[in-house]
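J.: this is a predicted model, with the sequence first.
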Amino acid sequence: MNNKVLLEKLIAFSNDNYNPIRDFSFQELTTTTNNYNKERIIIQESGYILYKGVLNARAVSIVKFGENYNSDNQYKFCFNNI
């Protein structure tokens, strides 16, 4: 799915208000999760691990997908959990 479709879905989902989604570097995510430390795990499922952290003074959750979790499923998971 391309960015145009994602943007349209986000706007429709949020009653025509656009709240931009930030992207973060690998280094920022590694630092925030303390190198993906097990103590930061919220939940671990078969296809992903959900970590907690604080980034730019805001609580965040970070998903790290397993190798067998395909990109279509990653996209759907992320969009449905915004």
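T.: Received the coordinates, thanks.
J.: tally of neighbours for the nearest residue to Val60 once chain neighbours are set aside?
T.: Among residues not flanking Val60 along the chain, Gly53 sits closest, at 5.4 Å (C-beta to C-beta, 6 or more residues apart in numbering). From N, CA and C alone the C-beta is placed, and that goes for glycine too. Neighbourhood size, Gly53 [other C-beta atoms under 10 Å]: 19.
J.: contacts only, for Gly53.
T.: Applying C-beta atoms under 8 Å, 6 or more residues apart in numbering, we find Gly53 in contact with Thr32, Thr33, Asn34, Arg40, Ala59, Val60, Ser61, Ile62.
J.: in a helix, it, correct?
T.: No - per DSSP: H, G, I helix; E, B strand; the rest coil, Gly53 lies outside any helix segment and is strand.
J.: returning to what we had before: inside strands: which ones of the contacts of Gly53?
T.: Ala59, Val60, Ser61, Ile62 (DSSP state E).
J.: just send the residues you listed back as JSON lines, with distance to Gln44 and neighbour count too.
T.: Converted to JSON lines, the ones in strands among the contacts of Gly53 look like this (distance: C-beta to C-beta, whole Å; neighbours: other C-beta atoms under 10 Å):
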{"residue": "Ala59", "distance to Gln44": "19", "neighbour count": "8"}
{"residue": "Val60", "distance to Gln44": "17", "neighbour count": "16"}
{"residue": "Ser61", "distance to Gln44": "13", "neighbour count": "12"}
{"residue": "Ile62", "distance to Gln44": "13", "neighbour count": "19"}
